[in-house]
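A.B. asks: Would you be able to build a 3D model of this:
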Amino acid sequence: SSGINAEYGDDQQAVAKFAKLTKLHINNIAINSWADVSKLRWFPSLQDVRMVHWDLFGEMNEEERRLMLGALLPTIPLINGAPIHGRDAAERWYLRRCAGNPSIREDQRVAELEKKHGVLPELRDISLKDIEEEKITLSCAVPEKGILVERTFSVYDTYSTVIQSLEEELRMGLSVNRVLLRKRSDPTVYSL
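C.D. replies: Below is the predicted model of the structure:
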């Protein structure tokens, strides 16, 4: 952004000068703000952006980079040569990532996304070191027969193991009502 502004003045002048830009390949650039990355969406004809070797990406893995760019660049269909699928999920991920960072709260893109998705809670770090202990509780119902079944399975159980244990109920017309995730160390129930 600072290089563009130095040569072309303000952001609107830069966008006007490059209004027909359709592809942009950016390598080893010193952009230090996600707000500056978000400005790429202002170029009306831009269809494909390729970005590699950016310090701004830091320790992000490939999936996190795609989520971040998918959220920040809603008007650009191709990023690093591939289409962005699940843009709503990327936008919600971005909002959750920004929720715990007050310096990002004033970002224009955050405000736009909060209008669309509402204010979302911060992403949480969950330790999976005791994953053998983790269980999934499946609640199913056959309301017309007055049947409610709850079964708890290990996260390591296979699909066929789960289905076999529910075989009798499935024959009676069982339908999945909701799936709940319960951690032994945390009494909170997460509905999926």
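
A.B. asks: where along the protein do the helices fall?
C.D. replies: 2-8, 11-17, 34-38, 62-72, 87-99, 108-117, 159-165, 167-171 (DSSP state H).

A.B. asks: okay if I get those as a markdown table plus mean pLDDT, distance to residue 150 and mean neighbour count?
C.D. replies: Using the backbone N, CA and C atoms, a C-beta is placed for each residue, glycine as well. Below are the helices of the chain laid out as a markdown table (pLDDT from 0 to 100; distance: least, CB to CB, whole Å; neighbours: other CB atoms under 10 Å):
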| stretch | mean pLDDT | distance to residue 150 | mean neighbour count |
| --- | --- | --- | --- |
| helix 2-8 | 45 | 59 | 12 |
| helix 11-17 | 82 | 56 | 14 |
| helix 34-38 | 84 | 44 | 18 |
| helix 62-72 | 90 | 33 | 18 |
| helix 87-99 | 88 | 29 | 18 |
| helix 108-117 | 88 | 32 | 15 |
| helix 159-165 | 73 | 12 | 11 |
| helix 167-171 | 67 | 11 | 12 |
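
A.B. asks: wait, which of the ones you listed is closest to residue 52?
C.D. replies: Shortest separation from residue 52 across those is recorded for helix 62-72, at 9.8 Å, computed as CB to CB.

A.B. asks: And the pLDDT at the closest residue to residue 81 other than its chain neighbours?
C.D. replies: Distances taken as CB to CB, 6 or more residues apart in numbering place residue 50 nearest to residue 81, at 6.4 Å, with adjacent residues excluded. pLDDT for residue 50: 92.

A.B. asks: Does residue 50 touch residue 80 like I think?
C.D. replies: Yes. Using CB atoms under 8 Å, residue 50 makes contact with residue 80 at a distance of 5.3 Å.

A.B. asks: Mind listing what's buried along stretch 116-124?
C.D. replies: residue 120 (16 or more other CB atoms under 10 Å).

A.B. asks: So what touches that stretch?
C.D. replies: 88, 91, 92, 93, 95, 96, 97, 99, 100 (CB atoms under 8 Å, 6 or more residues apart in numbering).

A.B. asks: switch to 7 Å and redo it
C.D. replies: 91, 92, 95, 96, 97, 99, 100 (CB atoms under 7 Å, 6 or more residues apart in numbering).

A.B. asks: Tell me how many other residues surround the last one.
C.D. replies: By the criterion of other CB atoms under 10 Å, residue 100 has 12 neighbours.

A.B. asks: got a list of what it touches?
C.D. replies: residue 122.
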